[in-house]
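> Okay, structure incoming, though there's no sequence with it:
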């Protein structure tokens with residue numbers, strides 16, 4: 001009795017009052033008393049329980065997070081296909097094909113609004129095509145090089161054996 005509240009403290013609440021304020025009113029107005037959440041009774045949102053749009057408080061559910069996985073995967077695989085073409089071209093071709101496929105699927109998701117990384121999916125698509133071209137070019141060069149080396153080795157081998165015999169026969 002007779003104690004004063006410290007300076008800056010909120011005023012004491014009257015007897016019987018709650019220290020916690022009441023919840024805010026929904027944007028659609030105050031909720032009707034009772035009935036919500038029971039089968040057959042629509043909630044304040046207008047949907048019955050079990051419907052995807054149903055909420056007990058009258059607000060729609062949280063928006064779904066963007067699904068950016070395909071676009072990111074396409075870009076990473078496309079960059080790898082461009083960088084790893086020096087592994088005889090085979091790795092680059094495989095990674096490039098995967099990047100193109102994921103890039104197409106990622107762009108379609110972005111166009112439907114399920115993802116927000118259209119640029120990454122496009123970059124994966126383009127770098128995947130570049131990786132495929134680099135891989136095919138290197139693979140063709142390797143095949144030409146091996147074919148030329150085998151042909152050169154065969155001509156040297158038989159040329160040395162047949163060369164002296166031909167001169168011996170020509171001298172007779």
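Thanks, I have the structure now. Everything numeric here is computed off the predicted structure, so don't read it as measured data.
> Run through the neighbouring helices and strands of the least confident helix or strand in the chain by mean pLDDT.
The helix or strand of the chain with the lowest confidence, counting by mean pLDDT, DSSP states H and E, is helix 118-171 at a mean of 82. If you count contacts as 3 or more Cβ pairs under 8 Å, 6 or more residues apart in numbering; DSSP states H and E, helix 118-171 packs onto helix 69-83, helix 90-112. Placement of C-beta: from N, CA and C, glycine included.
> quick check: angle from it to helix 90-112?
Here the directions of helix 118-171 and helix 90-112 differ by 160 degrees (axes from the mean of the first three to the mean of the last three Cα atoms, to 10 degrees).
> Direction-wise, compare helix 118-171 with helix 69-83 and give the angle.
Using the same axes, to 10 degrees, helix 118-171 lies at 30 degrees relative to helix 69-83.
> Show me the one of the helices and strands packed on helix 118-171 that comes nearest residue 145.
Set against residue 145 and scored by Cβ to Cβ, those come closest in helix 90-112, at 15.4 Å.
> Give me the contact list for the closest one.
If you take Cβ atoms under 8 Å, 6 or more residues apart in numbering as the criterion, helix 90-112 is touched by 67-68, 70-75, 77-78, 80-82, 84-85, 115-118, 120-132, 134-136, 138-139.
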